[in-house]
Every structure is written in C-alpha cells, then in structure tokens.
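A.B. asks: Next come a sequence and a model predicted from it.
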Amino acid sequence: MRDYPPEKVRNFGIIAHIDAGKTTVSERILFYTGISHKIGEVHDGNTITDWMEQERERGITITSAAISCSWVKTGDDKADPNKKINFNIIDTPGHIDFTAEVKRSMRVLDGAIVVFDGVAGVEPQSETNWRYAEEAKVPRLCFINKLDRTGASFEKSFASILARLSPKAVRMQIPMGEEEKHEGLVDLLSMKGYKFEGIMGRDVVETEIPEEIKEMAEKYRGELIEKIVENDEVLMNEYLEGKDIPLLKLKEILRKAVILNQIFPVFAGSALKNKGIQLILDAVVDFLPSPVDLPPVLGINPKTNKEESRSPSDDEPFAALAFKLQSDPFVGQLTFFRVYSGTVSAGSYIYNSSTGEKERLGRIVRLQADKREEIEAVFSGEIAAAVGLKNTRTSDTLCDESRPIILEQITFPEPVVAMRIEPKTKADQEKMALALKKLSDEDPTFKIRTDPETLETIIAGMGELHLDILVDRMKREFNVLANTGKPQVAYKETIQGEAEHEEKYIKQSGGRGQYGHIKIRVKPMDLQIDEADLPKNTKRAGGLEFVNSIKGGVIPQEYIPAVEKGIREGMSRGVVSGFPMVDVSVTLFDGSYHEVDSSEMAFKIAGSKAFQEAARKARPVILEPIMKIEVVAPEEFFGDVSGSLNAKRGQIEGMEDRYGLKVIKAKVPLSEMFGYTTELRSMTAGRGTSTMEFDSYAVVPPNVAEKIVESRK
C-alpha cells in the first residue's frame with residue numbers, strides 16, 4: 001500500500017551555476033521538512049547532500065544526491081496527514097565538468113527549482129542547465145538567492161533571466177530590502193509581507209508591506225495578473241471588465257501555465273540567512289506538477305517497433321527508467337530508477353527491455369543522500385534505488401516482460417579532455433581495470449580506451465577537474481594507485497569535401513579465399529544547424545550516416561552490415577593524425593561478390609580500407625573543442641585579460657559591467673586553456689575568476705594542425 005497518492009508527490013531537482021547556493025537551499029529544505037535537526041553549511045563541510053569526501057573538501061557538488069521528505073504548506077495543520085505532500089528531491093552539481101548529472105536528472109524529474117546568485121544573475125552554467133530543462137520540457141520555478149550579499153539586486157538578476165533565458169519569467173515576490181537590509185519578502189499574489197523569525201528562520205510571520213515599496217508592489221502585481229489571465233479567455237474578459245478575480249482561481253490558472261511551460265515564476269530570498277525557503281516549498285506544492293499532471297510517457301514496443309504510452313497509474317504495466325548507477329561500499333551497486341507506471345516489489349523479477357535480459361530485484365531502498373531506508377515496494381511516479389542489479393546500465397528501461405517497452409534514452413555530451421593512466425604496481429593492474437569499469441558504468445561521460453599503437457590506457461572526461469576527481473576516487477574508494485599523464489585535448493577529425501573509392505579485397509590461399517568488392521562515396525554529413533546559433537560554429541552531430549544504395553543484389557544483404565562495421569572501424573582512427581572521425585556520410589552504391597570466397601570478414605576489411613582511402617581524398621581536417629568562457633575581473637585588468645584571450649586564439653563575443661567588474665564573454669580553443677585559472681589569478685592580483693563550458697567543435701587552423709600532426713608522429 002502506498003503512503004501517498006500520486007497527486008501528493010512532487011519529483012523536482014535543484015539546478016544552478018556553481019556557487020549560486022543550491023546545496024545551501026537543499027540543506028534548508030531538509031531542516032524545514034524535519035529530515036535534519038541541524039543545518040549543514042558548505043563552508044563547514046557538514047552538509048547532508050554533499051556527502052562525498054571530495055565534495056566536502058572542495059566545497060562543490062560532484063554527484064547528484066537524492067532525498068525524500070514531506071512538507072505541509074505554511075499555515076496548514078501540520079498534524080493533518082491529508083495535508084502532507086511527499087517530495088523526491090535531487091540536488092545536482094553546478095560545475096560544468098559534472099553536467100551529465102544535471103542532464104540525467106532532468107530526464108526523470110517533473111519539475112525544477114533554478115537557483116540564481118542575486119549578485120551575478122544568469123551565469124554560463126545557468127544557461128546550460130536551463131537548456132537541458134527546456135529539452136526535457138521540465139516546468140521550472142526560479143529562485144533569486146543571496147539577496148543579502150553586497151551588490152545583490154533582485155531587479156538586475158530578474159532582467160538577466162528575461163534577457164538570457166526566457167521572456168516568460170514573471171515576478172511572484174519582491175524583496176523587502178537588499179544587501180544588509182534584506183529582511184523579508186512581499187508575495188505579489190496575496191499582497192502580504194513575510195518575515196522569517198525563530199530558530200533558523202523557522203517561523204514564517206505575516207507582516208505589513210513597507211510604505212516605500214507598496215506602489216512598486218501594486219505595479220508588479222498588475223503585471224503578474226496580466227501574465228496569468230493571458231492563459232485563460234474567460235478570466236481575461238473578467239479582468240478587462242475590471243472584475244476582481246479570486247486568489248484561488250488565479251493560482252489554478254497559474255499552475256496550468258507553469259506545467260505547460262508558459263510561465264516561469266520568480267521568487268526571492270537568501271538561503272544562508274534562512275529567508276524565503278518555506279515559501280518556495282509552498283510554490284512547489286501549488287505550481288509544480290505531480291506525476292498525474294503530466295502526459296503519459298512514450299516508448300517503443302521492441303516486439304512491434306510501434307510507439308506505445310504508459311500512464312502514471314499503479315494499475316498500468318510496470319515501466320521504469322534506470323538513470324544513475326552508484327557504487328556503495330556497503331551494499332555494492334545501487335541503480336537509481338524512476339517508475340513511470342505500475343508497481344514493483346522487492347524480490348520480484350524484472351525485464352530489462354534494453355538488453356533483453358531478466359534480473360532479480362533484490363532490495364529496494366529510498367535514499368537520504370548517503371543513507372538508505374529499505375522499502376517493500378515502489379509505485380508509479382516514485383524514485384528509488386535497487387540493490388543487486390548486475391547488468392542494468394544508465395538509460396536502460398525496466399519493465400513488465402509481458403508488456404515490454406523501451407523508453408527514450410538519455411543522450412550525454414562527448415568527453416573533451418583525455419589523459420594517459422597506468423597502475424603504479426603490478427598489484428594495482430587488475431584492480432585498476434575493475435575500478436575504471438565501475439566508474440565508467442556510473443558516469444556515461446567518462447570513457448576508457450586503449451591506444452592501439454602504444455597500448456596505453458587513455459581516460460577521457462568533461463574537464464581537468466572531472467578526471468582529477470575520478471583518479472582521486474580510484475585511490476580512496478578502490479584503493480588503486482595510478483600514475484597519470486598530462487591532460488590532452490580530445491581532438492576529432494572530419495572531411496570537408498566529397499570523394500569516391502573502389503576497394504577490392506582479394507586474398508587467395510590454399511582452399512577458400514577471401515573476396516570483397518565495394519564502391520563508396522563519402523561526403524560531410526548535413527550538420528544540425530540551429531538558426532539561433534548562426535553565425536557561430538555549427539553544432540556537430542557526431543557519428544556516421546550510412547546509406548545503403550545497393551540495387552539488384554550486387555552485394556547480398558547479409559554482407560551490408562559487415563561493410564558498415566568496417567567503415568566504423570575505419571572511422572575510429574582518422575587519416576590526418578589518428579583521431580576518431582565524426583560527421584561523415586558514407587553511401588555504399590556498388591560492388592560485387594564471389595559465391596564461394598565472399599565472407600563477412602572480407603567485406604568488413606574492404607569497408608575499412610575503402611573508407612580510409614576515400615577520406616584521404618575528401619579534404620580531411622582536424623577538429624578541436626571550443627570552450628565558452630566567461631571571465632569576471634576588476635576594470636583595471638580589462639586590457640590584460642582581453643589581450644591574453646586574443647593571444648590564445650580567442651574570439652571575444654561580448655562585454656558587460658557588473659558592479660565595478662568587467663565580464664568578458666569569449667570562445668577559446670580548449671588546447672589553449674590548460675592552467676588558465678592560475679594565469680588569470682596572477683594577472684589580476686588574485687581578483688579574477690573564470691568559468692568555462694564546452695560549446696562546439698571547430699576546424700583547427702592549418703599552422704596549429706601541423707604542430708598537432710608533428711606531435712603525434
């Protein structure tokens with residue numbers, strides 16, 4: 001029997017740029033919902049959601065933490081069980097190197113609170129996280145935090161949300177005072193003031209709106225109501241006729257608009273000073289969707305290849321998505337999963353439709369960050385973790401075997417930084433292979449490969465910090481000591497022209513020979529160009545587009561997959577400098593076969609050789625990752641900073657002023673950015689900061705390409 005009906009469940013995440021205060025917000029939520037009796041602070045290294053040693057040492061979130069708790073709205077009877085709403089919350093990292101955590105969390109959550117720094121407003125990772133939420137169509141509430149800080153401005157931060165994220169944002173609150181005078185909030189819908197008193201601001205006290213901001217509050221309330229009534233024709237007419245619209249009706253229409261992503265409400269406060277958190281939790285209850293408010297989830301039936309849907313009901317067939325793996329020192333591997341329909345009990349068998357295998361679901365646990373609470377069953381709309389699933393990976397669908405379905409997979413960005421790694425001792429060798437496998441299972445943006453020439457192990461990830469933390473985790477969690485090389489850029493190759501090639505692979509030996517004959521045409525793949533991104537670098541789609549144009553059976557159908565496999569092998573090692581090739585369209589248009597000597601192996605080798613030769617003729621080039629960088633530095637260092645970015649082949653795209661500081665936005669090749677933080681600090685007397693995230697791949701200039709080729713020889 002479930003503890004909560006699905007309409008009383010809210011699955012939401014807390015997302016933000018690094019240092020905007022996500023973890024501080026999460027800690028306040030845990031305190032006010034009664035999960036913790038003492039508020040942890042990031043600067044003290046005692047928070048619940050940042051439980052890893054590395055997180056506490058560095059003061060950043062590295063892995064997303066799941067928490068379950070319940071909330072009763074402010075003013076409601078706390079003892080009434082019917083008033084309780086169950087929250088499943090995921091606190092996600094803000095650092096770009098751990099962006100995969102945000103991406104996968106957005107895929108399984110129903111809503112999000114986006115936290116902004118009241119001084120900086122929208123920052124680079126805020127934009128990336130917003131984009132992930134946009135792709136997943138996740139309804140959002142915005143929370144402008146840190147309004148107690150020097151230089152904080154609710155209005156400037158709100159303007160940056162309108163300009164850089166969405167014109168659909170609307171003020172729900174305004175602050176009573178800012179910086180050291182920040183003492184409370186005005187709720188524009190109810191036109192009431194609120195202050196936060198008692199132990200850790202636990203008591204929400206209603207107060208009068210100060211006279212000096214009453215007029216401004218009236219003006220913004222008018223804007224808010226206009227935004228709400230735009231979404232309902234009847235209300236719109238009543239509003240134009242000058243009628244007073246009841247508060248409950250306004251909330252009902254606003255809820256519908258938020259769920260449809262037509263409005264993004266903006267709230268205010270200071271998590272560190274315990275102001276505003278209870279009101280945003282009330283807003284989660286009022287405006288973010290429960291699982292039953294969302295449309296049925298869609299997937300493909302693997303037997304019929306037709307689209308099917310699953311409604312968020314316990315009576316539907318079971319369907320869930322595994323979205324995260326985590327190694328636990330006490331219970332082994334935990335598989336986090338979100339149930340979209342049906343129910344599942346501990347000890348039952350479940351079918352993995354992505355792999356076609358059955359597995360026994362040993363135990364089910366509900367998580368409080370690094371602590372576990374065992375439960376008997378999990379129901380539709382809930383998030384839990386399974387203990388003991390051996391062959392389930394991130395993005396796999398778990399379902400009822402009699403009614404199989406494959407849900408849409410989570411796509412992850414490609415790694416951009418790589419480095420060599422080798423075990424320190426013979427004893428570490430086997431342990432290292434096992435540790436690397438476990439870490440790559442957990443993190444889909446962490447890739448491992450062996451260099452075919454040097455036989456060295458190469459690990460690749462989203463940035464220097466990402467790889468640094470993974471190597472540190474190997475040492476602490478798996479007791480593996482390893483030596484690492486210098487980080488290197490994950491270059492790729494592509495072609496810029498078209499070419500054809502005919503390849504005959506004929507080998508005669510005693511007995512049966514080998515015969516494979518193909519003709520292929522290669523050209524650059526049509527890249528997915530987002531109009532909003534022009535005239536920036538086009539976003540590279542990656543991979544191979546294979547077109548089979550064989551007519552009349554000149555090559556039998558059973559050999560076609562072998563040709564494609566050979567081409568893929570040929571692409572794994574580029575023709576300029578041995579980097580993997582991307583964005584290539586290959587058409588197989590002619591060839592021949594021998595009734596006795598032809599084999600899959602022969603056609604695979606022919607495919608690989610043909611591709612390599614055709615690529616050489618098609619103007620091959622090296623591609624490098626370009627990073628989007630934002631540098632914040634005092635005005636007097638502006639010349640030095642912009643000069644150094646230009647010297648690094650950077651393109652400065654814009655500048656703005658932020659409270660006596662200059663903010664420079666630029667695109668710079670990743671190869672030029674190693675060690676930039678140290679360089680920036682020495683250039684700006686320790687006062688400059690920078691944030692960097694991957695933007696796109698671009699063609700390397702010829703003089704730089706020559707150096708890369710030379711260094712690879």
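C.D. replies: All right, it came through fine.
A.B. asks: Confidence-wise, which helix or strand of this protein is lowest on average?
C.D. replies: helix 53-58 (a mean of 50; mean pLDDT, DSSP states H and E).
A.B. asks: immediately after that one, which helix or strand?
C.D. replies: Once the chain leaves helix 53-58, the next helix or strand it forms, by DSSP states H and E, is strand 65-71.
A.B. asks: and that next one, what other elements does it pack with?
C.D. replies: Strand 65-71 is packed against helix 22-32, strand 85-91, helix 277-287, strand 363-368, strand 383-387, with contacts defined by 3 or more C-beta pairs under 8 Å, 6 or more residues apart in numbering; DSSP states H and E. Where C-beta positions appear, they are placed from N, C-alpha and C, glycine not excepted.
A.B. asks: and it with strand 383-387, angle?
C.D. replies: Calculated by axes from the mean of the first three to the mean of the last three C-alpha atoms, to 10 degrees, strand 65-71 forms an angle of 130 degrees with strand 383-387.
A.B. asks: now the strands: where do they sit in the stretch 101-250 of the chain?
C.D. replies: Along the stretch 101-250 of the chain, counting by DSSP state E, counting those that start in this stretch, strands occupy 111-117, 140-145, 169-171, 173-176, 184-187, 192-197, 203-207.
A.B. asks: Tell me the spatial nearest neighbour of Asp451, not counting adjacent residues.
C.D. replies: Spatially, and ignoring its direct neighbours in sequence, Asp451 is nearest to Ile458 (5.7 Å; C-beta to C-beta, 6 or more residues apart in numbering).
A.B. asks: show me where pLDDT drops low in the stretch 101-250 of the chain?
C.D. replies: Scanning the stretch 101-250 of the chain for pLDDT under 70 picks out nothing.
A.B. asks: swap that for the stretch 301-450 of the chain, sorry
C.D. replies: In the stretch 301-450 of the chain, residues with pLDDT under 70: 329-330, 368-371.
A.B. asks: Would you map the strands across it?
C.D. replies: 307-310, 319-328, 332-341, 344-345, 349-352, 357-360, 363-368, 371-375, 377-378, 383-387, 397-399, 406-407, 417-423, 447-450.
A.B. asks: what are the pairing partners of the fourth one, and which direction each?
C.D. replies: With DSSP bridges as the test, strand 344-345 is paired with strand 377-378 (antiparallel).
A.B. asks: ok, back up a step: what about the residue nearest to Asp451, distance to Lys707?
C.D. replies: Separation of Ile458 from Lys707 (C-beta to C-beta, to the nearest Å) stands at 20 Å.
A.B. asks: rewinding a little: now do the helix or strand that contains the residue nearest to Asp451: everything it contacts.
C.D. replies: Assigned by DSSP H and E, Ile458 falls within strand 457-461. Applying C-beta atoms under 8 Å, 6 or more residues apart in numbering, the contact partners of strand 457-461 are 97, 415-422, 432, 436, 443, 445-451, 467, 470, 490.
A.B. asks: got the buried residues for stretch 127-134?
C.D. replies: Within stretch 127-134, the residues scored as buried using 16 or more other C-beta atoms under 10 Å are 128-130, 132-133.
A.B. asks: Would you point out the most distant pair within these?
C.D. replies: Thr128 and Ala133 (9.9 Å; C-beta to C-beta).
A.B. asks: tell me the most buried of the helices and strands packed on strand 65-71?
C.D. replies: helix 22-32 (a mean of 25; mean count of other C-beta atoms under 10 Å).
A.B. asks: Just want the angle from it to helix 277-287.
C.D. replies: 90 degrees.
A.B. asks: helices and strands around helix 22-32, which ones?
C.D. replies: On a contact count with 3+ C-beta pairs under 8 Å, 6+ apart, helix 22-32 meets strand 9-16, strand 65-71, strand 85-91, strand 111-117, strand 140-145, helix 277-287.
A.B. asks: Looking at the ones you listed, which is nearest to Asp203?
C.D. replies: Judging the helices and strands packed on helix 22-32 by C-beta to C-beta, what sits closest to Asp203 is helix 277-287, at 9.3 Å.
A.B. asks: Return the distance of whichever helix or strand comes after that closest one from the chain's centre.
C.D. replies: Downstream of helix 277-287, the next assigned helix or strand under DSSP H and E is strand 297-300. Taking C-alpha atoms, centre = their mean, to the nearest Å, one finds strand 297-300 lying 21 Å from the centre of the chain it belongs to.
A.B. asks: helices or strands up against strand 297-300?
C.D. replies: strand 307-310, strand 406-407.
A.B. asks: and these, which is most packed in?
C.D. replies: strand 406-407 (a mean of 22).
A.B. asks: Can you pull out the residues in contact with that one?
C.D. replies: Identification of contacts with strand 406-407 by C-beta under 8 Å, 6+ apart yields 297-302, 319, 321, 340, 353-354, 397.
A.B. asks: Comparing the helices and strands packed on strand 65-71 by mean pLDDT, which bottoms out?
C.D. replies: When these are compared by mean pLDDT, strand 363-368 comes last with a mean of 79.
A.B. asks: So for the top strand by length along the chain, what gets flagged as buried?
C.D. replies: If each strand of the chain is counted by residues according to DSSP state E, the longest one is strand 620-634. By neighbour count on 16+ other C-beta under 10 Å, the buried set for strand 620-634 is 620-633.
A.B. asks: how's this structure carved up into domains?
C.D. replies: Domain assignment for the chain, taken from the TED database, gives 9-287, 297-407, 417-485, 493-618, 624-711.
A.B. asks: possible to save those as TSV with distance to Arg2?
C.D. replies: Compiled in TSV, these are given as follows (distance: least, C-beta to C-beta, whole Å):
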stretch	distance to Arg2
domain 9-287	9
domain 297-407	5
domain 417-485	29
domain 493-618	42
domain 624-711	40
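A.B. asks: wouldn't Arg104 be in contact with Ile383 here?
C.D. replies: No. Shown here, Arg104 and Ile383 do not form a contact pair, counting by C-beta atoms under 8 Å, at 12.0 Å.
A.B. asks: Give me the distance between the two termini of stretch 199-211.
C.D. replies: 28 Å (C-alpha to C-alpha, to the nearest Å).
A.B. asks: got the contact list for that stretch?
C.D. replies: 28, 31-32, 39, 74, 176, 184, 186, 191-197, 217, 273-275, 277-279.
A.B. asks: Against Leu436, how distant is the most centrally placed residue in the chain?
C.D. replies: Centroid check for the chain by C-alpha atoms, centre = their mean gives Lys103 as the closest residue, at 2.0 Å. Relative to Leu436, Lys103 is positioned 22 Å away (C-beta to C-beta).
A.B. asks: Check Glu252 too.
C.D. replies: 52 Å.
A.B. asks: Likewise for Ser190?
C.D. replies: Using C-beta to C-beta, we find Ser190 at a distance of 55 Å from Leu436.
A.B. asks: which of these two has more neighbours?
C.D. replies: Leu436 (20 against 13; other C-beta atoms under 10 Å).
A.B. asks: for the residue lying closest to the more buried one once chain neighbours are set aside, what are its contacts?
C.D. replies: Distances taken as C-beta to C-beta, 6+ apart put Ile448 closest to Leu436, at 5.1 Å, once the chain neighbours are dropped. Applying C-beta under 8 Å, 6+ apart, we find Ile448 in contact with 436-437, 440, 457-460.
A.B. asks: what about Ile448, distance to Phe323?
C.D. replies: Distance, Ile448 to Phe323, using C-beta to C-beta: 21 Å.
A.B. asks: And the nearest residue to Ile350 once chain neighbours are set aside, how far from Val292?
C.D. replies: Counting by C-beta to C-beta, 6+ apart, Ile350 lies nearest to Leu398, which is 4.9 Å off, once chain neighbours are set aside. Separation of Leu398 from Val292 (C-beta to C-beta) stands at 21 Å.
A.B. asks: The two: which has the busier surroundings?
C.D. replies: Leu398 (24 against 16).
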